[in-house]
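In: A predicted structure for the sequence below; I have some questions about it.
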Protein chains: 2
Amino acid sequence: MNASQFREAAHAAIEEIIQYYETLPSRPVLSTVTPGYLRPLLPSGPPQTGEAWPAIQADIERVIMPGLTHWQSPKFMAFYPASSTFPGMLGELYSAAFTAPAFNWLCSPAVTELETVVLDWVAQLLGLPECYLSKGEGGGVIQGSASEAIVTVMVAARERFVMRRFAEMEEGEEKERKMGEMRARLVALGSEHAHSSTQKAANIAGTRHRPVPAPKDTGFSMTGAALRKTIKECKSQGLEPFYLTATLGTTATCAIDDFEGIAEVIKDYPDIWVHVDAAYAGAALVCPEYQHLTKHFDKFDSFNFNMHKWLLTNFDASCLYIKHRKSLTSALSITPSYLRTPFSDTGLVTDYRDWQIPLGRRFRALKIWFVLRSYGIEGLQSHIRRHVQLGELFHSLLLTRPDLFVVLTGPAFALTVLAVRPKGWTKDGRRPSVTRADRPDPAHEAYLNDFTADAEARYKADSNAATQAVYERVNGSGELFLTSGIADGTYCIRVVSANPMAEEKYLRRAFEVLVKEAEAVVGTKEDE
Amino acid sequence: MNASQFREAAHAAIEEIIQYYETLPSRPVLSTVTPGYLRPLLPSGPPQTGEAWPAIQADIERVIMPGLTHWQSPKFMAFYPASSTFPGMLGELYSAAFTAPAFNWLCSPAVTELETVVLDWVAQLLGLPECYLSKGEGGGVIQGSASEAIVTVMVAARERFVMRRFAEMEEGEEKERKMGEMRARLVALGSEHAHSSTQKAANIAGTRHRPVPAPKDTGFSMTGAALRKTIKECKSQGLEPFYLTATLGTTATCAIDDFEGIAEVIKDYPDIWVHVDAAYAGAALVCPEYQHLTKHFDKFDSFNFNMHKWLLTNFDASCLYIKHRKSLTSALSITPSYLRTPFSDTGLVTDYRDWQIPLGRRFRALKIWFVLRSYGIEGLQSHIRRHVQLGELFHSLLLTRPDLFVVLTGPAFALTVLAVRPKGWTKDGRRPSVTRADRPDPAHEAYLNDFTADAEARYKADSNAATQAVYERVNGSGELFLTSGIADGTYCIRVVSANPMAEEKYLRRAFEVLVKEAEAVVGTKEDE
């Protein structure tokens, strides 16, 4: 493909992308292909000689499009959003053009330096404590995903822990053996509602993992008291807690752990590395009204949030901040002769390879830079606030049908989690299986009375069956894509609409669909 | 940025990229900025309100361009290449447009299914044994980098090892404790010339690492005998080798380990996971004349090579193949309620999140698909053969100046490794400090005589000083970018020219520059 063929191909690709975005609202959000759909559409191997672009491009529509789930569709209300925007795409295009596996500063100084600068910009924008800026001992680095960030800091935490324990011991076999034995006793902690990547990271790091209970009574938040109890239990069993994931916006319900309580406990256990996973909800910190949440972060060790979730930057762009970058680099730095440069040797530059698991890295700072500049601070803030308001609207709609829906949590950061109220439980006066201590909800207060444990179990079973049935009917219709979850044993439906195309009319329509399917499953008011 | 602004911005970006590629040969390959150059060029934070594209784009030239190291320049002969091509860029553009953190099949079925199909295509193209195809128990997955692939398989190897050892034991605290103690005794092996990512992966996995000697006598290849000796040493010290990196194309010299010998040894140690790292040289397997190298791979457990190095696909595109995919997924799979889907539960589909460290993943198969189709099998083969020939040409030029240069290794897969012959050693009849057993080289045979150990040490010190001086002068000139390395204590210069713009004239020019700088350092023939 020469330059003029590229120009022609790229123009055609851009038209196709524009057309894709323009027709997104009218496409079924969820692909309806069945497993194995793609292979029969392609030959059994690559062609003997090269093909021209028009033949290749035609296969996007024929082969790829039917198998896409449209995360940018306004009818996508599943998981958490993964936004993509035109400025982000341009960043990715330039990044590919300037390809470099930029592991060292020297590999392409702009890749490293732009990353340091834009991550400082983002830290300021979020109101992070100064200790996370690059000018001191900390700094930011772009990782591929929150899960990758968590493995990275967990390995650093593990090594910091064992190195501190054996700091005085002479290097050698005996020390290596003792360090190995200590690693075998380490346990990584996280709330039971922390994302599964904490458990996976512990598997990767070769340590144990224990969840800290975060029940519905505390709104699914991990408290300082629960954390202290778990730490003591571990220690009484001869295990050593070395790492904790605290979450700002849990996956299931967008709960926020009790950072103040955690900070208080951690004073007594200074060897435990505390990482704040704010993968989704961290984006809201661009609005000053949320920045009080960062108040205790200076007592923690690291923080990450994903610009690729709720901040208009296409996947992947996970921003990880570290208070003491030396903790990372001393765990991850290895410098053979072919990676040494005069700049690195003098410590004048940042070699981001020592801040991450892989060696090579893409030029991801470009897309973040383009997005920050295209939207500006005000554009980012209004983007977040608009979705928060849409979440409140959706929640208010649910409250108009207490006969059909129970709000489990939310609206929190545009996420509302609901269950379907099961048939037959309408008028006999038991309360639903959740409390919403922080947000009294008059429409549900009527149910708060003598609900026995036995009745609760039966209620929950009926509720779960009804909610699952409604969930499957909604997703089966192909009009919306929602995801389900389980919180405190309750099967629930999560509704989050926070991609750039989200609009009031789609949330109103989502409510209509939920009402229709819930009525089909549990009957209308008139049925009872 | 609306659709018409995007069209305009994207057209302008494409013109800039075309112009960048057209002017690459005339740009200095290595950035000349000094550390910290970028920050003063930017404001201290993002703008309050959004900026229009022309203002942002103008900063590419002003801020970014001076800090780029041009990996696509024909004067880039450093490290190993990282190719970028127009079809690859289009793949990245579509991938950004279709953004999805496609951890599950359901997240976007096309992302998973295209990946499975194109990785089967690539496996066939490379002549990999059938066990690495998806139709049986194996299959391929795209990772970000070879280093990431190595951590991934090492964790799988570690867990396979401990699970096998304690397969009969009842689940519980005692088993967990014993498994932890066993992990503390594990040791990962790799040739001393394996890429440093093996050692880093061991650090991440929390295991020990031991290098297997691969001296110059064996052409820097790891032999079966050396491997067996290291395994026995480890075992005699109570350690358990559980993993081995075998390399097809080591970083420093592109040496190939003795796969046949390794396969023989491994018969006696079936719990050791053997991974073949062919990050760079693996691309050559698209040519049938190299496919004999894969003969023993069916006895190993995994294989990876990077299409983003020598196969025309922009970073990142590391293809990892696994013989038993269950070994990976049983180490890395965790399925909380919010990641369950009916498709995954039935095992009908591949969820690639269980084949990798991170959860989310980009649609990287698109760019591989575009590249394979744009070039076709013949295009890929001629691309590789052209570079191999350029390497041979460069080597033949070096041989015309035995007074200045000693060829340490190569040409191997377009890489030649050389040292500068130091001043004062021209006519006194000692041999250079290397042997090239497999490739008799008449031009150097003259030096092969009574070279005492003492003289060898003095020779090496002089050679290292001369080579380093030449290396620094060449890179300092800004005309070329080479990297240095150390092999068997000899400081050497690596010359590899294998990006799409490589041409004979640039290699001839590289030789001229090396001659000029070597003459400046060690003098001309006439000086002696």
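Out: The structure has been received and is ready for your questions.
In: what are the phi and psi angles of the residue nearest the centre of chain A?
Out: In chain A, the centroid-proximal residue (CA atoms, centre = their mean) is A:Ala279; its distance is 3.6 Å. Backbone torsions of A:Ala279, given as degrees, to the nearest 10, read phi -50, psi -50.
In: Would you mind confirming that it makes contact with A:His195?
Out: Yes - between A:Ala279 and A:His195 there is a contact at 6.9 Å, judged by CB atoms under 8 Å. C-betas here are computed from N, CA, C, even on glycine.
In: residues bridging contact with those two, i.e. touching both?
Out: In terms of CB atoms under 8 Å, 6 or more residues apart in numbering or on different chains, A:Ala279 and A:His195 are both contacted by the residues A:Ala146.
In: out of everything not next to it in sequence, what's closest to the residue nearest to the centre of chain A?
Out: Spatial nearest neighbour of A:Ala279, excluding adjacent residues (CB to CB, 6 or more residues apart in numbering or on different chains): A:Ala146 at 3.9 Å.
In: what's the distance between the one you found and A:Met222?
Out: 17 Å (CB to CB, to the nearest Å).
In: where does chain A have low pLDDT?
Out: Where chain A drops to pLDDT under 70, the residues are A:337, A:339-340, A:342, A:344-347, A:426-454, A:525-528.
In: tell me the domain boundaries of it?
Out: According to automatic domain parsing, chain A comprises the domains A:3-68, A:95-373, A:380-527.
In: coming back round to it: now do the same contact list for the residue nearest to the centre of chain A.
Out: Residues near A:Ala279 by CB under 8 Å, 6+ apart: A:Tyr80, A:Ala146, A:His195, A:Gly249, A:Asn304, A:Phe305, A:Asn306, A:Lys309, A:Ser318.
In: cool, A:Thr524 as well?
Out: A:Thr524 sits next to no residue when contact means CB under 8 Å, 6+ apart.
In: The residue nearest to A:Ala279 is in contact with A:Ser197, isn't it?
Out: Yes - counting by CB under 8 Å, A:Ala146 touches A:Ser197, with 6.4 Å between them.
In: Overlap of the contact sets of those two?
Out: When contacts are counted by CB under 8 Å, 6+ apart, A:Ala146 and A:Ser197 are jointly contacted by A:Asp277, B:Leu359.
In: Grab the longest helix from chain A for me.
Out: Secondary structure assigned by DSSP state H gives helix A:365-399 as the longest helix of chain A.
In: Grab the nearest non-local neighbour of A:Thr245.
Out: Counting by CB to CB, 6+ apart, A:Thr245 lies nearest to A:Gly190, which is 3.6 Å off, once chain neighbours are set aside.
In: Output the contacts of A:Ala279 in TSV; the columns should cover secondary structure.
Out: Output for these, formatted as TSV (DSSP: H, G, I helix; E, B strand; the rest coil):
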residue	secondary structure
A:Tyr80	coil
A:Ala146	helix
A:His195	coil
A:Gly249	coil
A:Asn304	strand
A:Phe305	strand
A:Asn306	strand
A:Lys309	helix
A:Ser318	strand
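In: Tell me which helix or strand the closest residue to A:Ser197 other than its chain neighbours sits in.
Out: Of all residues not flanking A:Ser197 in the chain, A:Ser147 sits nearest, at 3.6 Å (CB to CB, 6+ apart). Applying DSSP states H and E as the criterion places A:Ser147 in helix A:146-165.
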